[in-house]
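Enquirer: Provided below for reference: sequence and predicted model.
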Amino acid sequence: MSSIINASTRIIQSADNSGTLEFQGNGTSGIYVNSSGMYVKSVTTTQRTALTGTVGMMVYDTTANALYIYTGSGSTGWQAVATSAVTFNFRAIFGYGAGTGFSPISLTNLVSSTGVVATDTTGVGTARQGPAAAGYGNDKGIFIFGKNYANTTTNITNLVSNAGVVATDVSGIGTARTNHAAAGYGTDKAISAFGYTTSAADSVTSLSNLISNAGVVASDTTGVGTARATLGAAGYGTDKAIFGYGQDSASVSSSLTNLVSNTGVVAANTTGVGTARPYLAAATYGTDKAIFGFGAPSANTNVTNLVSNTGVVATDSVGVGTARAGLSATGFGSSGQAIFGYGLTSVLVSMTNIVSNTGVVATDTTGVGTARWLAGACTYGS
């Protein structure tokens, strides 16, 4: 049941009488309150200072990691609510993939808020390769789908707690697939899309599945954009996402991208920029930008492409680190770093490369954990 108080305020009453209160404000800010807490609109510093403020307007600045209120005083009219920024220590997890003998595994490796990869954690759930992974609910993660030891695609999921603990299998919803991609959107939800529906190279799809802020996977959404697999995906602009690159049903490499709105709607193809390639990875960095990196257009490459906070993909950046394919990537840390990890050169490797919060890729860090490729990676914790 929904009750309108006035043109800008609505109360939504659920069956258990736990109300949700939405203040939509003047369209430039908003407050959302439910049983979990209160959320205000997230913006970057650039977006905040460009707003036409009214006294009392409040936003969360993802660049400064701080709440701001518009008072009309000072050089910009905005004042930080606290004297110091709130610190978030996001951690990350690599999980599953194909290891020794290219057999599926269920091992995981936690990544600290400073980018240190831990040794193997005994796997939980069905061993599989080619899962996607994404953060959800602001502090948890999910591994979704993948291909098992019998070479069969699955629609199994495994939730990751805010302490990095992987849960047992959840029976799947949606079309089973592998070598797809996933990313967060809308500040606390996620989306999984594209991939192979079987082991056949021509089984590519553009189907997508939304994931709620409680980690519940929705049924299939009809695909938008060119069907492809072995692509990457990442969040950008604090509440949107981008899928990019991969290969089509004829195994032809692509540089196409598809933007995802903050309500989880996938847009039509955007003409590709940079080297077309499959088997790459992508991650959010700098809190509101993204990076696509590495892959195998024919031979392995270490080329990267930065994505602005408006979803614009830049031309190729000269690669740093060992060229490889089938690696994974995710954000981590308190200031928006990212990490590329694992993959295949001529052999399976466990090396990593840290990405700064300005999008600069560092040289190789000696690998920790079981060498593998086609794993998933996502953030967790706060």
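Expert: Everything's here; your move.
Enquirer: where does pLDDT dip in this structure?
Expert: Low-confidence segments of the chain (pLDDT under 70): 1-39, 74, 82-88.
Enquirer: need the phi and psi values for residue 45.
Expert: When quoted as degrees, to the nearest 10, the phi and psi of residue 45 stand at phi -60, psi -40.
Enquirer: hmm, it is touching residue 61, no?
Expert: Yes: between residue 45 and residue 61 there is a contact under CB atoms under 8 Å: 5.6 Å. Any C-beta I mention is one placed from the backbone N, CA and C, and that applies to glycine too.
Enquirer: neighbour-wise, which of the two wins?
Expert: residue 61 (23 against 17; other CB atoms under 10 Å).
Enquirer: please report how far that one lies from residue 313.
Expert: 25 Å (CB to CB, to the nearest Å).
Enquirer: cool, and residue 263?
Expert: Per CB to CB, residue 263 is found 22 Å from residue 313.
Enquirer: neighbour count for those two, which is higher?
Expert: The residue with more neighbours, out of residue 263 and residue 313, is residue 313; 22 against 11, by other CB under 10 Å.
Enquirer: ok, the more buried one - contacts?
Expert: Residue 313 is in contact with 242, 244, 257, 270, 272, 273, 274, 292, 305, 306, 307, counting by CB atoms under 8 Å, 6 or more residues apart in numbering.
Enquirer: contact partners for residue 158?
Expert: Counting by CB under 8 Å, 6+ apart, residue 158 touches 95, 124, 125, 142, 143, 166, 167, 168, 169, 170.
Enquirer: look up which helix or strand the third one falls in, please.
Expert: Secondary structure from DSSP states H and E places residue 125 outside every helix and strand.
Enquirer: that one and residue 169: what is the separation?
Expert: Counting by CB to CB, the gap from residue 125 to residue 169 is 5 Å.
Enquirer: where exactly do the strands run in the stretch 1-150 of the chain?
Expert: Along the stretch 1-150 of the chain, counting by DSSP state E, counting those that start in this stretch, strands occupy 2-6, 9-13, 19-23, 31-34, 37-40, 42-43, 58-61, 66-73, 77-80, 91-95, 108-111, 128-129, 132-136, 140-148.
Enquirer: same thing with the stretch 201-350 of the chain?
Expert: Counting by DSSP E, counting those that start in this stretch, the stretch 201-350 of the chain has strands at residues 208-211, 232-236, 240-244, 257-260, 281-285, 289-295, 301-307, 328-332, 337-344, 348-355.
Enquirer: next, the distance between the ends of stretch 337-357.
Expert: 5 Å (CA to CA, to the nearest Å).
Enquirer: flag every buried residue along that stretch.
Expert: 337-344, 348-355, 357 (16 or more other CB atoms under 10 Å).
Enquirer: give me the distance from that stretch to the chain's centre.
Expert: For stretch 337-357, the separation from the chain centroid amounts to 16 Å (computed by CA atoms, centre = their mean, to the nearest Å).
Enquirer: now do stretch 352-369
Expert: With CA atoms, centre = their mean as the basis, stretch 352-369 stands 18 Å off its chain's centre.
Enquirer: measure it end to end?
Expert: Taking CA to CA, stretch 352-369 runs 11 Å from one end to the other.
Enquirer: check stretch 248-263 too.
Expert: End-to-end for stretch 248-263, by CA to CA: 26 Å.
Enquirer: what does stretch 165-174 give?
Expert: Counting by CA to CA, you get 24 Å between the two ends of stretch 165-174.
Enquirer: what sits up against it?
Expert: Outside stretch 165-174, the residues touching it (CB under 8 Å, 6+ apart) are 93, 95, 108, 121, 123-126, 143, 145, 154-161, 207, 209, 217-220.
Enquirer: now the buried members of these.
Expert: 93, 95, 108, 121, 123-126, 143, 145, 154-160, 207, 209, 217-218.
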